[in-house]
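Chemist: Sequence plus the predicted model coming up.
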Amino acid sequence: MTDFLSGFSVALDPVNLFYCFAGVLLGNIVGVLPGIGAIAAISILLPVTFYLDPTTAVIMLAGVYYGAEYGGSIASILLNLPGTASNAITTLDGYPMAKRGEAGLALLTAQISSLCGGTLGILAMVLLSPLIVRFSLSFGPAEYFATLLLGLVAGALAIGGQPLRGIAMVLLGMLLGCIGLDLNSGVARFDMGYANLLDGLSIVAVAMGLFGVPEVIANLRQDQADTKPIPISARSMFRAFGKLKAIPFSVLRGASVGGLLGPLPGAGPTISSFLAYSFERSVSRRKEEFGTGRINGIAAPEAANNAAAQTAFIPTMTLGIPGTPTMAIILGALMIHGIAPGPRLVVDHPGLFWGLIASFWIGNVMLLILNVPLIGIWARLVAVPRRFLFPVIIALICTGVFGVANSTFDVWAVLVMGLIGAVLRSHGFSPAPLLIGFVLGPMIEEHLRRALMISSGDFAYLFSSPTAIVIHLLTLLMIVLPVLRFGWTRIRPARPLPAD
Amino acid sequence: MKALEKARGGLLIALVGAVFLYGSRDFDIGVPRNMGPGMFPVVLSLMTIACGLLIALFDSLRGTSLPDRFPWGGMAGVAVSIVIYALLIERAGIAITTLLAISALGIAIPRMTWVETLLLAVGLSAFLWGTFVLGLGMPLYLLPESWS
């Protein structure tokens, strides 16, 4: 706990405070704007962080990530268009409420639930991280291999539906991760004669190419109908404070679901919000009111996605295993700054770790202050035509990626990755597993080679410790889980609920 | 023929795997005790090829829908504007590059007017110059270097 308090001295540093604000502001903006998600924004912002101190950089990138969870609910409620995928479920009850004139209450519920969910998630992180670190400091190559394998399998299966496609994408990402110098032998792999590729393909180019460019390509031609958002004023939000008595338990339930699922590789805020909603509905005595504009239907998923957005940092920071593509990018940002992810991170850079956690909470409060009094501005931003966004994204991508090495090589790399991403996307392949494979691939290769060197080629070494076996069992469970999830999607509430 | 069309996605993956396998033909594979640089790429490419072929097989057998119509117009607009950035940003400066790139992109965006394109280009150039060059010190210029 004292560590956590010392983190505030880092987070309250004026420079960090400024970039924390910049991060959450930007996150809120991209959350409000449907069509551009946190992951695209973070990849676009990545080159900017090269010029910052690593702690400041991660504070800002993380701010974008959880800020988008706040902003996304605004578009969901006022426009019936989810700002980000994890706010999609909020449209079910948020928009009906806004339509019958309760937009203020719906928005306030979303914001307060987000703050409470986020706070509980941060608390879980403060309490759990030191325990996990103490445990994982004893990890050897075998345990690392097991954990990384779990991350890869989860990354492949997370998208659900078509596991083979996820596996193919992870493999492709790992192959792209092989590009560059092989550190053990000094052999250059797949460099095609370009010196720029010796350090490997830049994660910035890969992330921007996969998440920024195809998004623009796919949406450019779609003529978006300019739907009018429902009008809203700050006063109606302030007046709604008294009506929040109905939500504390929904928030607690939602935050528990989100907080538990957040750290699991592959789960993340989106799945958390969906599960929290169906859980909330199943424990409610008035199931039939869900989907018609019930306040608990907003509180639970909004608390869940924010709690998950915070607890997702636990495995990323304590084990170096990113559960979601966004976490993979944040991990990439740390690696760019020469900070090796893994259990030693918390021990070697306590200022970074605890400062980041403290900044979470400060950022969450900033978001509430940003969103409640200034709701009028956000409501207007929701209505900005999307066609203006595309040129901005392309210009930011091209100029930003130039800054990676101050060379146009990476601009060409973005073009190639973007075209690959667009082709994959149009054939039904999701880019998220590819990015996870790209980040984890080189790590698992290193640990596997080290493990087999220790055991002189005996594969049984990989299963030699109880910890490794438990993790391998978890991986096995992951493979069985899609079957269960398939069952769950069938009981998920359809939009107009049948009276049961 | 229709089966082939459906299987395209999987075949594409297998093809990429084959390209990587071809690229790793000269790498030393080594033994498990001491893996060479080729072990991982070769194993991964083989798995990718297998995975791609399986996807192709399942897709052609199952009644999956055909791949979405590819957004050629969008792709052309985006590709051209990125190429303009790659070719010009060091030589022509941020302002001219952005104007040209956004104009190329603007053609591909429905309902985008010339006035909007121009205003966006001016605003964006100012923003990019302010944050990336003045703020972060990227070695770029607003206008062609030789003009100043």
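Modeler: Sure thing, it's come through.

Chemist: anything in the top helix by length along chain B near chain A?
Modeler: For chain B, the longest helix by residue count, based on DSSP state H, is helix B:72-108. Yes - Helix B:72-108 comes into contact with chain A (CB under 8 Å from any CB of the partner chain), by way of B:73-75, B:77-79, B:81-83, B:85-87, B:89-90, B:94, B:98, B:101-102, B:105-106, B:108. (Each C-beta comes from the backbone N, C-alpha and C, glycine too.)

Chemist: Please indicate which of those residues are buried?
Modeler: The neighbour count (16 or more other CB atoms under 10 Å in any protein chain shown) marks B:74-75, B:77-79, B:81-83, B:85-87, B:89-90, B:94, B:98, B:101-102, B:105-106, B:108 as buried among the residues of helix B:72-108 next to chain A.

Chemist: Check whether residue A:191 sits in a helix, strand or coil.
Modeler: Following DSSP: H, G, I helix; E, B strand; the rest coil, residue A:191 is assigned to coil.

Chemist: In a strand, residue A:272, correct?
Modeler: No - counting by three-state DSSP, one finds residue A:272 to be helix, located in no strand.

Chemist: Tell me how many other residues crowd it.
Modeler: 32 (other CB atoms under 10 Å in any protein chain shown).

Chemist: wouldn't it be in contact with residue A:257 here?
Modeler: Yes - under the criterion of CB atoms under 8 Å, residue A:272 makes contact with residue A:257 at 6.0 Å.

Chemist: overlap in contacts of these two?
Modeler: Both residue A:272 and residue A:257 are contacted by A:304, A:307, under the criterion CB atoms under 8 Å, 6 or more residues apart in numbering or on different chains.

Chemist: all strands of chain A, in order?
Modeler: Ranges of strands within chain A are A:180-181, A:188-189, based on DSSP state E.

Chemist: For the stretch 251-400 of chain A, which residue gets nearest to chain B?
Modeler: Residue nearest to chain B within the stretch 251-400 of chain A (CB to the nearest CB): residue A:398, separated by 3.6 Å.

Chemist: residues contacting residue 122?
Modeler: I went with chain A, as the question did not name one. Contact analysis of residue A:122 by CB under 8 Å, 6+ apart lists A:310, A:357, A:360-361, A:364.

Chemist: Wait, chain B was what I had in mind.
Modeler: The contact partners of residue B:122, by CB under 8 Å, 6+ apart, come to residue B:99.

Chemist: just residue A:415 next, same as before
Modeler: A:209, A:213, B:79, B:82-83, B:86.

Chemist: Include pLDDT and distance to residue A:289 when you put the residues you listed into a markdown table, please.
Modeler: Converted to a markdown table, these look like this (pLDDT from 0 to 100; distance: CB to CB, whole Å):
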| residue | pLDDT | distance to residue A:289 |
| --- | --- | --- |
| A:209 | 89 | 45 |
| A:213 | 89 | 43 |
| B:79 | 95 | 50 |
| B:82 | 96 | 49 |
| B:83 | 96 | 54 |
| B:86 | 95 | 55 |
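
Chemist: Spatially, which two of those are the most separated?
Modeler: A:209 and B:83 (13.9 Å; CB to CB).

Chemist: residues contacting residue 20?
Modeler: You didn't pick a chain, so chain A it is. Contacts here follow CB under 8 Å, 6+ apart; on that basis residue A:20 touches A:11, A:59-60, A:63, A:359, A:362-363, A:366.

Chemist: think we crossed wires, I meant chain B
Modeler: Residues near residue B:20 by CB under 8 Å, 6+ apart: A:175, A:178, A:190, B:41, B:44-45, B:48.

Chemist: Now it: phi and psi?
Modeler: Main-chain torsions, residue B:20, degrees, to the nearest 10: phi -70, psi -40.

Chemist: same deal with the one 5 residues further on?
Modeler: Recorded main-chain torsions at residue B:25 are phi -60, psi -30, according to degrees, to the nearest 10.

Chemist: Per-residue pLDDT of it, please?
Modeler: Listed pLDDT for residue B:25 reads 89.

Chemist: Please apply the same query to residue A:26.
Modeler: For residue A:26, the pLDDT comes out at 92.

Chemist: can you pull the contacts of the residue nearest to it when sequence neighbours are not counted?
Modeler: Among residues not flanking residue A:26 along the chain, residue A:64 sits closest, at 5.4 Å (CB to CB, 6 or more residues apart in numbering or on different chains). Residues near residue A:64 by CB under 8 Å, 6+ apart: A:23-24, A:26-27, A:30, A:38, A:41-42, A:45.

Chemist: Quick one: residues contacting the residue nearest in space to the middle of chain B.
Modeler: With distances taken as CA atoms, centre = their mean, the residue of chain B nearest its centroid is residue B:79 (8.0 Å). When contacts are counted by CB under 8 Å, 6+ apart, residue B:79 touches A:415, A:418-419.

Chemist: Among the residues you listed, which ones are in helices?
Modeler: Secondary structure from DSSP H places A:415, A:418-419 of the contacts of residue B:79 in helices.

Chemist: which one of those residues is nearest residue B:22?
Modeler: Set against residue B:22, the nearest of the ones in helices among the contacts of residue B:79 by CB to CB is residue A:419 (20.5 Å).

Chemist: That closest one contacts residue B:74, correct?
Modeler: No - using CB under 8 Å as the test, residue A:419 is too far from residue B:74 to be in contact (11.5 Å).

Chemist: give me the low-pLDDT residue ranges for chain B?
Modeler: B:1, B:63-68, B:147-148 (pLDDT under 70).

Chemist: again, 80 this time
Modeler: Applying pLDDT under 80 to chain B flags residues B:1-5, B:62-70, B:136, B:145-148.

Chemist: Which parts of it are strands?
Modeler: For chain B, strands defined by DSSP E occupy the ranges B:30-31, B:34-35.

Chemist: how about these in TSV, adding distance to chain A and mean neighbour count?
Modeler: Listed next are the strands of chain B as TSV, based on distance: least, CB to the nearest CB, whole Å; neighbours: other CB atoms under 10 Å in any protein chain shown:
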stretch	distance to chain A	mean neighbour count
strand B:30-31	6	13
strand B:34-35	5	18
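
Chemist: and of those, who's closest to residue A:451?
Modeler: So among the strands of chain B, strand B:34-35 is nearest, using CB to CB, at 10.6 Å.

Chemist: List the strands paired with that closest one, with their directions.
Modeler: Sheet pairing of strand B:34-35 (DSSP bridges) gives strand B:30-31 (antiparallel).

Chemist: Would you mind pulling the contact partners of the strand it pairs with?
Modeler: Contacts of strand B:30-31 (CB under 8 Å, 6+ apart): A:457, B:36-39.
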